[in-house]
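A.B. asks: need a 3D model of the sequence below.
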Amino acid sequence: MDLASEKHLKDHSDASLVEQYCSGQREAFAVLVQRYRQELYYFLARFTGDRNGAEDLFQETFLQVHQSANTFDTSRRFKPWLFMIAANKARDYLRRNLRRQAVPLSATVGQDSDEGITFLDLLEAELPLPAQEAERQEIRQLVRDVVTAMPEHMREVLLLAYFHRFTYQEIADLLSVPLGTVKSRLHAAVATFAKLWKRKYEQLK
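C.D. replies: Residues are numbered from 1 along each chain as shown. Take a look at the predicted model:
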């Protein structure tokens, strides 16, 4: 793909790129892959706790997009459809690998003035790390333990809502569950995370 074509395609919407790909313009698919490479990979890595597995799942997800592109309703948003496919792939992966590897999540941890580490601090990937390396590594280990210990359905809705900023309705559509279920799951996920984190964080004192 030459630079002019690449720049032209990068300005197109997701739906337009899908339409063009279905019409035979292969370069449009490459632009979609590049557009979502980082965000989708991080979602899969956080969901499964396995960076190597996340790379394979990323490729499997876009293989499914390639195979199902003609079924995509271009009047709807592409991103929730993409993440629905990815979430299904991740759930299947976890069922095949019941013994999940304990590898670092990509989320980092920051501190909120004198009030310690807050829930949102723990979930925001862009916040600064604690100053001391030993403290940083210990806290990140605890965060990993807490998130990977959460039930799959709670971890899933937590990632979609806080890391990837999907609306409640988008999550409901993505997971094929009622809106009320999304709200109750997210409420339970936050409460579970807070409870597990408090228990873990006390170990640092």
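A.B. asks: can you list the low-confidence ranges for this structure?
C.D. replies: For the chain, the stretches flagged by pLDDT under 70 are 1-8, 98-137, 140, 201, 203-205.
A.B. asks: map the structural domains onto the sequence of it.
C.D. replies: Domain assignment for the chain by automatic domain parsing gives 1-103, 104-205.
A.B. asks: adding mean neighbour count, write the ones you listed out as TSV.
C.D. replies: C-beta coordinates here come from the backbone N, C-alpha and C atoms, glycine included. Shown next, in TSV, are these (neighbours: other CB atoms under 10 Å):
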stretch	mean neighbour count
domain 1-103	16
domain 104-205	16
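A.B. asks: residue ranges of the helices in the chain, please?
C.D. replies: For the chain, the helices defined by DSSP state H occupy 3-10, 14-22, 26-48, 51-68, 78-96, 119-123, 133-149, 152-158, 168-175, 179-201.
A.B. asks: can you give me the angle the fourth one makes with helix 78-96?
C.D. replies: Angle of helix 51-68 versus helix 78-96, following axes from the mean of the first three to the mean of the last three CA atoms, to 10 degrees, is 130 degrees.
A.B. asks: and if you look at the last one?
C.D. replies: Going by the same axes, to 10 degrees, helix 179-201 is angled at 60 degrees with respect to helix 78-96.
A.B. asks: packing partners of helix 179-201?
C.D. replies: helix 119-123, helix 133-149, helix 152-158, helix 168-175 (3 or more CB pairs under 8 Å, 6 or more residues apart in numbering; DSSP states H and E).
A.B. asks: relative to the whole chain's centre, how far out is it?
C.D. replies: Relative to its parent chain, helix 179-201 has a centroid offset of 17 Å by CA atoms, centre = their mean, to the nearest Å.
A.B. asks: name the nearest residue to Glu170, ignoring sequence neighbours.
C.D. replies: The shortest distance from Glu170 to any non-neighbouring residue, by CB to CB, 6 or more residues apart in numbering, is to Pro80 (4.9 Å).
A.B. asks: for that neighbour, give its distance to Tyr36.
C.D. replies: Separation of Pro80 from Tyr36 (CB to CB, to the nearest Å): 12 Å.
A.B. asks: which residue is nearest the middle of the chain?
C.D. replies: Phe43 (2.1 Å; CA atoms, centre = their mean).
A.B. asks: and it, what is it in contact with?
C.D. replies: Phe43 sits next to 83, 86, 159-160, 163-164 when contact means CB atoms under 8 Å, 6 or more residues apart in numbering.
A.B. asks: again with Tyr36
C.D. replies: Counted by CB under 8 Å, 6+ apart, Tyr36 has contacts 79, 82.
A.B. asks: if we can go back for a sec, most widely separated two among the contacts of Phe43?
C.D. replies: Ala86 and Phe163 (12.8 Å; CB to CB).
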